[in-house]
Structure formats: C-alpha cells, structure tokens
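Engineer: predicted model and sequence below, questions to follow.
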Amino acid sequence: MSTKIITPVAQFAELLPQEYKDLVAHGPYHERRSVRDLGTFKEIVDEHPHCAGCGVALAVRLLAAALPSPADTLIVGTPGCSFFSLVQTALNYSNTAFGNQNAVAAGLKRMLEIRFPRVHKDVVVVAGDGGIADIGLDLTLHSWFRREKITTVMLDNEVYANTGGQESGMSRQGRVLNMAPRGKLFPKIPVFELAKVSGCVYGARVTVAGPYKVGRAVRNAVLLARELGPTYVQVYTPCPTNMKFPPDQTLRVAKEAEKDHYSFEEFMSAEAAEYLTRLKATSEESEKAPELAKP
Amino acid sequence: MYVTVKVEVEKCNGCKLCVLSCPDPNVLAYKQEEKHVVVNEHRCKGCGLCATVCPEEALTVSGN
C-alpha cells in the first residue's frame, strides 16, 4: 500500500496498457481530485459490467473520486452488485463472505494501525443493502458498538439485484418485485437511525441525484473515521433492471425518492463537527498560502 | 460500435452535469481548452442519462 506500486519500471513502461499509463500520469493518486473534477482526469474506476443506467455504478464512481487518499485506502466489499466494479478498480480491494465485511474491515484496520503507525490507512466498507442490513446487520452494528475506526457505505438499491430481484430488508413496504409479486409486507429497516444510536460519529443519507453531496459525505466520513470512530453513508442507488424503469430515468427516480422517503440528512457528534471545522480552516490556510505549505 | 452519442458542441455550456451523471467512468470527458464535453463511444452502454440531464439538449444517444 504505497503510491510506488503504481510507478512502472522504466524498462517496461512501453509495454504497459495505455489505461495504466494514463492512470500513472493523470490519475488521482498524487494530486488532490474530487467529484467536482470528474471528466478531467483518469479515474481509478475503469470499465465495469453494470447494467446501463445503474445507480450502483454511478455511486461507486462518485465514491472513488471522493476518497481523500485512494492509494492508502482499502475497500472491503461483499458479493453483490457493488462488487462488480470494485474488483476492477485500481484500489486495494478485499472481498469477504457475504455479511462479514465489517468484521473483516475492523480487523484489517487494527492490523494496519499497528503496521503503519505514522500513516493514515483508510478502511472503507462498500456493500449493498443485503450485505449490510440483512445478512451482515449484526456484524455491522457490533463494529459500530466497538467504535471501530472504519467507514461503512451502503449502496441501497432496495433489492437483491444480482440474484434476480428478491426483496431485501431495505426494500420499501408494498414494493412489488420480480420475486416478491404480492409486494413487500414490512417497512424498510431503519439502518440510518440505528447508526445514530449505535456509536457512529458521522452519518449521511444521500442519493445519486446529488453527486456533490455524495462526494462530500464520503470524504467527511473517511476523514472522521481516521481519528474519531465509525462513520456511515447511505446512498440511494436505483436499479433500472429490477425496478423496471428506463435506464435514462435513474436520476429522476432518485430525485423523486429525495422528495419522498430519501431526503438528505446528516448527523455528526460535537467532536466530529469541531474536527471538520478545524480541518477546513487548515486546508483553507494552506490553499491561501501554498508557498508556506511547501517544505 | 453499437451506440452513437452525438454532442452538439456549440450547444454545450460546460456545466458537466452529463459527466457527473454517467455511471461509466471515462466515457465523457470535459475539454477545458475548448470548454465542451467529448465522448468515448467505445465505453458507452447507451443508457441515455447524459441526454436526459443536459439542460441544453446538446447530447443525443442512439443505437444499442
């Protein structure tokens, strides 16, 4: 886990694929990039096999652009749609058995803190609603109770998308799905509310219709998890394949959800608010006087 | 190539909404010098989100 891993040996540089060369020359590893800069640099997420108009794919792309230090970030995932693109990114990625991701991430974070005591190694769980709210709910909650310094990002498409559209715990009540033809009988699991009372120092509920909000939430969550404790971001990622809407309507569906049941919400502890204010002041200072920041 | 994306560069106002809405990375890029977006059609799956969000109707997606 070092930026040196992406520097090719000079003798082999010619033989490397163009994508790799672009990543080394114009990627976000050495320069600070954000969601705002998308379209102007070589992204660390490259091609992926998601369906056309996929909300999860868009969320993964925004998330990867928002990471404060991608070369020092370890993503922990679980089987599901989220994993399709994550295994193909130029990020450190570890897959787990379904539902174990927060336990594995907590162990890896502790190990990295011992191995690299002077460097921030961010561990970010990126999993779907099935992995976090259903099968992995107890391990997720316990990682929060133990105040593990990891970020959990739920890509909530409100369905088990890659296995044919079964209802998940996060599906809305009454929602008719491929494999729930009579409609779901129970309400959504309130994971966001659980995060508030289970020890998370920061939480945000966003949709892919607000790319800057997604970027800001992920960045805040990762920065706060470094110092203070667990953080949680819940992103609504509508699924055109299973929800049966045209793929060009993903953002319209997300916007409607914002008005309906997925309004933007953010919470943070007093300590977290103070930390972010301090961080903002420091970065503004260094931006105002870049010559002072140089050694 | 199965998808064709046409960008009418004279209509593009450089807002980058299409870039931020595309689920696939490295399909749409923003040319800072020319101040308009360009498309890599080889990577495009043709969902049409870019055309839906464009306030200037500068993009047209066809094919697939």
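Structural biologist: Noted; the coordinates are in hand.

Engineer: show me what contacts A:E158?
Structural biologist: Each residue near A:E158 by C-beta atoms under 8 Å, 6 or more residues apart in numbering or on different chains is listed here: A:D129, A:S168, A:M170, A:S171, A:R172, A:R175, A:K188, A:Y236, A:P238, A:C239, A:M243. The way it works is simple: take the backbone N, C-alpha and C, and place the C-beta from them, glycine included.

Engineer: just give the nearest non-adjacent residue to the first one, would you?
Structural biologist: In other words, A:D129. Counting by C-beta to C-beta, 6 or more residues apart in numbering or on different chains, A:M170 is the residue found nearest to A:D129 once chain neighbours are left out, at 3.6 Å.

Engineer: ok, the contacts of A:E158 vs A:E271, which is closest?
Structural biologist: A:Y236 (27.9 Å; C-beta to C-beta).

Engineer: close to chain A: what parts of chain B are there?
Structural biologist: B:16, B:19-26, B:28-30, B:32, B:37, B:43, B:45-49, B:51-53, B:61, B:64 (C-beta under 8 Å from any C-beta of the partner chain).

Engineer: residues near the residue nearest to A:D129, how many?
Structural biologist: By the criterion of other C-beta atoms under 10 Å in any protein chain shown, A:M170 has 24 neighbours.

Engineer: and it, what does it touch?
Structural biologist: A:D129, A:A133, A:D134, A:M154, A:D156, A:E158, A:K188, A:I189, A:V191.

Engineer: so for the helix or strand harbouring A:E193, mean pLDDT?
Structural biologist: Using DSSP states H and E, the element containing A:E193 is helix A:191-197. Per-residue pLDDT over helix A:191-197 has a mean of 97.

Engineer: from the contacts of A:M170, pick the one nearest chain B.
Structural biologist: A:D156 (15.8 Å; C-beta to the nearest C-beta).

Engineer: and the gap between A:S198 and chain B?
Structural biologist: 31 Å (C-beta to the nearest C-beta, to the nearest Å).

Engineer: which residues are in contact with stretch B:43-52?
Structural biologist: In contact with stretch B:43-52 (C-beta under 8 Å, 6+ apart) are residues A:47, A:51-54, A:240, A:246-252, B:2-3, B:5, B:18-19, B:21-28, B:57, B:59-61, B:63-64.

Engineer: now the residue of chain B most remote from its centre, what's its secondary structure?
Structural biologist: When distances are taken from the C-alpha mean of chain B, B:E33 lies farthest, 17.0 Å away, according to C-alpha atoms, centre = their mean. Following DSSP: H, G, I helix; E, B strand; the rest coil, B:E33 is assigned to coil.

Engineer: and what of the one 5 residues further on?
Structural biologist: State at B:V38, reduced to three classes by three-state DSSP: strand.

Engineer: where exactly do the helices run in chain B?
Structural biologist: Using DSSP state H, the helices assigned to chain B run over residues B:17-21, B:49-53.

Engineer: all helices of the stretch 151-295 of chain A, in order?
Structural biologist: Ranges of helices in the stretch 151-295 of chain A, per DSSP state H, counting those that start in this stretch, are A:191-197, A:211-227, A:240-243, A:250-260, A:270-288, A:290-293.
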